[in-house]
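In: what follows is a predicted protein model with its sequence.
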Amino acid sequence: MYVPDAERRALQRLTRRRERLEDEVAAIKRRLLHLVRWACPAVEAVLPDFRTSLPLAVLHDLLGPARIAGMRQAALLRFVAARASGNHPHGGPFAENLVGGLKAAAAETQRLHGAAVDLPRLQPEVAPEVDRVNAALILPRSAEVNFLGRPGMVSWRSARRAWPWVAGLAGGAASA
């Protein structure tokens, strides 16, 4: 009977945990995308990829089309600049096109639904889902770094050999 050593067992548990988190995040993002397609179909074409933080921030804070339509362009540009990350520029043509698209999508959504659908009432249900996605993407990675960096546990060198994605967990700290 094969019994894995402590190091391999720790990596197996970490991998299973990571797979469960990825499945949970994918399910939440699917639900959010279905909500967008039902409630605000024009927004789907405007928002960048749902795998990034910017569309999640828009869904978390600006779900109601009346709120977007009522905001000034400068306020929306500040919102985008504060929440853009990764490959999304914080300003310039990308942000201006996004803001213009959000305003146009908000107007189209208002024409589509009128007063029949009260999207701000969905906000208390959508915001926790977005928070769960953010927590599943950010907090476990720091926990994995702490777990893998603990003395007597898995070494960075063996973890990087076994799972290449482990090298990106702590950025430059993985060079031990």
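Out: Great, that's in hand.
In: can you list the weak-confidence ranges in the protein?
Out: Applying pLDDT under 70 to the chain flags residues 137-176.
In: would you mind measuring from the most centrally placed residue in the chain to Leu112?
Out: Using Cα atoms, centre = their mean, the residue of the chain that lies closest to the mean C-alpha position is Ser53, 4.5 Å off. Distance, Ser53 to Leu112, by Cβ to Cβ, to the nearest Å: 27 Å. For the C-beta atoms, the positions are set from N, CA and C on the backbone; glycine is no exception.
In: just give me the neighbour total for Val133.
Out: Using other Cβ atoms under 10 Å, Val133 has 23 other residues around it.
In: cool, and Gly64?
Out: Neighbours of Gly64 (other Cβ under 10 Å): 21.
In: from what I can see it touches Gln123, true?
Out: Yes - Gly64 lies in contact with Gln123 (Cβ atoms under 8 Å); the separation is 6.9 Å.
In: and Ala115, what element?
Out: Element membership for Ala115, per DSSP states H and E: none, as it lies in no helix or strand.
In: follow-up on the earlier one: quick one, what contacts the closest residue in space to the residue nearest to the centre of the chain that isn't next to it in sequence?
Out: Nearest-residue entry for Ser53: Ser85, 5.2 Å, with adjacent residues in sequence omitted and distances by Cβ to Cβ, 6 or more residues apart in numbering. Applying Cβ atoms under 8 Å, 6 or more residues apart in numbering to Ser85 gives the contacts Thr52, Ser53, Leu54.
In: so Gly86: helix, strand or coil?
Out: When classified by DSSP: H, G, I helix; E, B strand; the rest coil, Gly86 comes out as coil.
In: surely it touches Thr52?
Out: Yes - if you go by Cβ under 8 Å, Gly86 and Thr52 touch, sitting 5.9 Å apart.
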